[in-house]
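I would like the atomic coordinates for the input below:
(one chain, ligands or ions: 1)
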Amino acid sequence: SSRVLTGITTSGTPHLGNYVGSIRPSVRASLAPGVESFYFLADYHALIKIDDPARIQRSTLEIAASWLAAGLDPNRVAFYRQSDIPEIPELTWLLTCMSAKGMLNRAHAYKASVDKNLAAQADPDADISAGLFMYPVLMAADIVMFNAHKVPVGRDQIQHIEMARDIAQRFNHVYGEHFVLPEALIEESVATLPGLDGRKMSKSYDNTIPLFTPRAELRKLIAGILTDSRAPGEPKDTEGSALFQIYQAFASEAETTSLRQAYADGIAWGDAKQVLFERIDREIAPMRQAYQSYMDNPGQVEDILLAGAAKARQTATPFIAKLRHAVGLRDLR
Ligand code: ATP
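Residues are numbered from 1 along each chain as shown. A predicted model of the protein is given here:
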């Protein structure tokens, strides 16, 4: 059987991009026969960006509740919080010692921050934590801990998966074949959703439409999506239209064709926004009640996550013992 692994950073309220790019496809994938799935709440990763404990905890609950409301069956998958698995930071150190610093220097997330500093004529490493620098190693540990073969990711994450392969390969070379080399699974059909401002929708950009925002708020946020100034009756471009791209991620092919025609016919932006609102609400509405019920019963979510952690540790605990032995450390367990 093949093993698939996916995580969402607990850095804020889950949004439509997380749903389309991660939650919805992962719930579908978990139903396929012969697949073992590992889905986790990446709270160690969140600490790289967030130093607000209440926000981390709230985000953890919101993302867990969203995944469950979207139909994730915790009996079919290992569904856990990253920080409930103490073997992960332990493995991170073993991998750190197998990671070339020069390789980490080239990681996109780190380099983007360095480039920003250089552009501002500041010290290249100003305000950059070692956590950001080490992020690809923590991610490698997440993956190889469970010997995941396939890691579904967006294009921006391909490089980090390659680094995980690289690190695992080095470890295997030095200490023997312990790790499966992971592969990125790029789902061509899964779009990157633009946010309200047209950039990638992201918790970090404050441009999101929260997945389970109340109906009235959803309508208001959609009304705020950036459009051009073309008047009703004037043909509209679907190319580069954030509204159209979001619609496409929810709609069937027939529905998409019909909105494309409406654009050509000069649909008013207000009407196009109403069409988008109704389409999203149709998909989300049936899950709202379940979401609210999980949010109102955090103890229930906690029990599910703790059971998931116990399940994940059935793999992690014996594996870390084997790895400690391989590198020459005493067995703790
Ligand atoms: P952060 O800003 O903290 O990185 P994020 O909102 O960009 O948060 P992540 O938690 O890093 O999202 O990503 C979780 C999952 O959601 C990943 O699989 C990622 O590919 C997917 N995802 C995030 N944003 C989008 C988007 N705009 N469109 C499609 N998928 C997305």
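
could you pull out the strands for this structure?
Applying DSSP state E to the chain gives strands spanning 2-9, 35-42, 78-81, 150-152, 183-185.

gap between the first one and the chain center?
Read it as strand 2-9. 9 Å (CA atoms, centre = their mean, to the nearest Å).

in that strand, what's buried?
By neighbour count on 16 or more other CB atoms under 10 Å, the buried set for strand 2-9 is Arg3, Val4, Leu5, Thr6, Gly7, Ile8, Thr9. Every residue, glycine included, has its C-beta placed from N, CA and C.

Those also near the ligand: which ones?
Ile8, Thr9 (CB under 6 Å from any ligand atom).

which pair in the buried residues of strand 2-9 spans the largest distance?
Arg3 and Thr9 (20.9 Å; CB to CB).

residues contacting the residue nearest in space to the middle of the chain?
In the chain, the residue lying closest to the centroid (CA atoms, centre = their mean) is Ile8, at 3.6 Å. Each residue near Ile8 by CB atoms under 8 Å, 6 or more residues apart in numbering is listed here: Pro14, Asn18, Ser22, Ile23, Leu41, Ala42, Ile63, Trp67.

The closest residue to it other than its chain neighbours: neighbour count?
Excluding the flanking residues, the one nearest Ile8 by CB to CB, 6 or more residues apart in numbering is Ile63, at 5.2 Å. Ile63 has 28 neighbours, counted by other CB atoms under 10 Å.

so Ile63 touches Phe40, yeah?
No - with contact defined as CB atoms under 8 Å, Ile63 does not reach Phe40; the gap is 9.9 Å.

Arg81: neighbour count?
For Arg81, the count of nearby residues is 21 (other CB under 10 Å).

What's the local residue count around the nearest residue to it once chain neighbours are set aside?
Closest residue to Arg81 apart from its sequence neighbours, by CB to CB, 6+ apart: Leu41 at 4.7 Å. Residue crowding around Leu41 was assessed by other CB under 10 Å; the count is 27.

For Leu41, list the residues it contacts.
Gly7, Ile8, Thr10, Thr60, Ile63, Ala64, Tyr80, Arg81, Gln82, Leu305.
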